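Enquirer: Requesting a structural model of the entry that follows:
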Amino acid sequence: MPLNETERQGLKDALHKMNNALNSISMQAELARMYVERNDSAKVLEALDIVMAQCRQCSTITRSTQELFEDE
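Expert: From the prediction side, this is the model:
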């Protein structure tokens, strides 16, 4: 069954948000690597906190996107 316009827009928005979160995760992982090399554990922990927050955001987005298809 094809998606209606509302579902398509919801999916498009969710994918955009997921992409933003994944870009942030990637950037923070690179920063964490750099901070490890510099032995800056406080900055590593900050980067990891951001990674974890972005992972939670991805999980929230995934759950809300799944709701678009619960009636099927």
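Enquirer: And the next helix or strand past the longest helix anywhere in the chain?
Expert: Longest helix in the chain, counting residues (DSSP state H): helix 5-37. Following helix 5-37 in sequence order, the next helix or strand is helix 41-67 (DSSP states H and E).
Enquirer: picking that back up, and the longest helix of the chain, what other elements does it pack with?
Expert: If you count contacts as 3 or more Cβ pairs under 8 Å, 6 or more residues apart in numbering; DSSP states H and E, helix 5-37 packs onto helix 41-67. Every residue, glycine included, has its C-beta placed from N, CA and C.
Enquirer: now the longest helix of the chain and helix 41-67, what's the angle there?
Expert: Calculated by axes from the mean of the first three to the mean of the last three Cα atoms, to 10 degrees, helix 5-37 forms an angle of 160 degrees with helix 41-67.
Enquirer: For helix 5-37, buried residues please.
Expert: Gly10, Ala14, Lys17, Met18, Ala21, Ser24, Ile25, Gln28, Leu31, Ala32, Tyr35 (16 or more other Cβ atoms under 10 Å).
Enquirer: Verify the stated contact: the fourth one with Thr60.
Expert: What that stands for is Met18. No: between Met18 and Thr60 there is no contact, the gap being 10.2 Å when judged by Cβ atoms under 8 Å.
Enquirer: Run a quick neighbour tally on the spatially closest residue to Leu22 that is not a sequence neighbour.
Expert: The shortest distance from Leu22 to any non-neighbouring residue, by Cβ to Cβ, 6 or more residues apart in numbering, is to Cys58 (7.2 Å). Close neighbours of Cys58, defined as other Cβ atoms under 10 Å, add up to 18.
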